[in-house]
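Peer 1: need the 3D shape of this:
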Amino acid sequence: MDETLALVVSLAGPASMVVVVLLMRSLSKRLGAVTRRPPIYRWFTVSAASILLSMALRLVREVSDGPLDGQHALLYDIPFAVGLLIAVVVAWRYWGWLLYEHEHTDM
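Peer 2: Numbers count the residues shown, from 1 in each chain. From the prediction side, this is the model:
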């Protein structure tokens, strides 16, 4: 019972990242429609899929063979890191102007 609870709690963080990435996709799609930007928001879907893949790999590993060891942890960490990297790059492309807008205002 404790192992099941620990597995669910360990997957709660990546699941919340998937929700955030999909929310950013929706907001970026709307911003892109207004500003007529190319539809690079679609990369958020790739990012969410990569994070979901890492969650599935971890779930399969935990259920079938027990806890992750060093080599198998990379199978979980690499897709997760790639997914987050894609999300950060795309978010920067869409929303980076917010940081620069402060520099251009006269206060």
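
Peer 1: quick one: find the helix or strand in this structure with the lowest mean pLDDT.
Peer 2: helix 97-104 (a mean of 70; mean pLDDT, DSSP states H and E).

Peer 1: which stretches of the protein form helices?
Peer 2: 2-35, 43-65, 70-95, 97-104 (DSSP state H).

Peer 1: format the ones you listed as JSON lines; extra columns: mean neighbour count.
Peer 2: All C-beta spots, glycine's among them, are computed from the backbone N, C-alpha and C. JSON lines is the format used below for the helices of the chain (neighbours: other C-beta atoms under 10 Å):
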{"stretch": "helix 2-35", "mean neighbour count": "14"}
{"stretch": "helix 43-65", "mean neighbour count": "17"}
{"stretch": "helix 70-95", "mean neighbour count": "16"}
{"stretch": "helix 97-104", "mean neighbour count": "8"}
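
Peer 1: just checking, residue 28 touches residue 94?
Peer 2: Yes: contact criterion C-beta atoms under 8 Å: residue 28 and residue 94 qualify, at 4.5 Å.

Peer 1: overlap of the contact sets of these two?
Peer 2: residue 41 (C-beta atoms under 8 Å, 6 or more residues apart in numbering).

Peer 1: any stretches of the protein with poor pLDDT?
Peer 2: When residues are selected by pLDDT under 70, those of the chain lie in 1, 66-70, 72, 101-107.

Peer 1: the same query, at a cut-off of 90, please.
Peer 2: 1-12, 31-39, 57-77, 93-107 (pLDDT under 90).

Peer 1: middle-most residue in it, spatially?
Peer 2: residue 84 (4.4 Å; C-alpha atoms, centre = their mean).

Peer 1: might one say that that one is in contact with residue 48?
Peer 2: No: using C-beta under 8 Å, residue 84 makes no contact with residue 48, being 10.6 Å away.
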